[in-house]
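1. Can you look at this prediction? I've put the sequence above it.
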Number of protein chains: 2
Amino acid sequence: MTQNYGGSALDVSLAYYEAWTTATFNDALTHIDASIVCDAPSGRLEGVEAFRGFMEPFTKILTRSELIAAFGDDSTAVLMYDTDTVPVKNAPGAEYHRVRDGTITYIRIIFDRAPFDAARQASQRQ
Amino acid sequence: MTQNYGGSALDVSLAYYEAWTTATFNDALTHIDASIVCDAPSGRLEGVEAFRGFMEPFTKILTRSELIAAFGDDSTAVLMYDTDTVPVKNAPGAEYHRVRDGTITYIRIIFDRAPFDAARQASQRQ
């Protein structure tokens, strides 16, 4: 794992990552701005409740997480991580964060929806 | 776009990115080690020809690319970018690179296969 503690944005991003992977999602939300905008594979999410509706279900199926890389500067950070989830193993993600006044105001998240779509279709066929 | 020119790995990663987005794929391959290992959504690729078979077709459908973030240290770098392609608009990707002696020896690439799968299925139905 590569970490470069070069700026305060990364501290906030890592605290958020640590919280959503190990604590409750309410703990994670303490690092998220009320006006959060998140560009996810399914589209743009605006505000904490929309963001929670996207991200909290993922944290509930999470069985393992491991940072691959984490870098940042004063106002932005990038994290890449691998995860295992109940339906899909080896489901990595990458997030770009903008941070202002100690909370994350913008997230761009990239992950592959294909294996999650396949797992859902397989379970529907059963 | 966030750039942190903190180390030589990032210079190599950015030269590779610049080449595959604007030049020929052979130019891009000058930054890739012969023993490249690439973990992609579809699985592990080993060696330059396997890597070319995965990545070169993508460069041929690319119509726009834009760096979102780029960070690195002495031996690793992370790039996040957005792209437009012929079948899919707004197809972002993230790459983690390990660099040794001026070439990229390992890439972990994350992108969402779902819209590409959907575009392929739509074209097959026509």
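-> Here it is on my side, so go on.
2. From the contact counts, what lies against whichever helix in chain A runs longest?
-> Looking across chain A with DSSP state H, the single longest helix is helix A:8-22. With contacts taken as 3 or more CB pairs under 8 Å, 6 or more residues apart in numbering or on different chains; DSSP states H and E, helix A:8-22 sits against strand A:2-4, helix A:25-29, helix A:48-60, strand A:62-72, strand A:76-85, strand A:93-100, strand A:103-111. Every C-beta, even on glycine, is put in place using the N, C-alpha and C of the backbone.
3. So for the third one, what gets flagged as buried?
-> Across helix A:48-60, burial judged by 16 or more other CB atoms under 10 Å in any protein chain shown covers A:F51, A:R52, A:F54, A:M55, A:F58, A:T59.
4. Then the fifth one?
-> When neighbours are counted by 16+ other CB under 10 Å, the buried residues of strand A:76-85 are found to be A:T76, A:A77, A:V78, A:L79, A:M80, A:Y81, A:D82, A:T83, A:T85.
5. Residue numbers of chain A in contact with chain B?
-> Counting by CB under 8 Å from any CB of the partner chain, chain A comes close to chain B at A:2, A:4, A:6, A:41, A:68-69, A:71-73, A:75-76, A:78, A:80, A:92-94, A:96, A:108, A:110-114, A:117.
6. Where does the prediction get shaky in chain A?
-> Across chain A, residues meeting the criterion (pLDDT under 70) sit at A:1-7.
7. could you redo the last one with a cut-off of 50?
-> A:5-6 (pLDDT under 50).
8. ok so, going back, ok, which of the helices and strands packed on helix A:8-22 comes nearest B:D101?
-> strand A:2-4 (17.9 Å; CB to CB).
9. what's the helix or strand for A:A118?
-> A:A118 is part of helix A:114-125, with elements assigned from DSSP states H and E.
10. could you say what helices and strands that helix packs with?
-> Partner elements for helix A:114-125 (3+ CB pairs under 8 Å, 6+ apart): helix B:114-125.
11. residues in contact with the helix it packs on?
-> When contacts are defined by CB atoms under 8 Å, 6 or more residues apart in numbering or on different chains, helix B:114-125 is touched by residues A:P41, A:D112, A:R113, A:A114, A:D117, B:P87, B:V88, B:A91.
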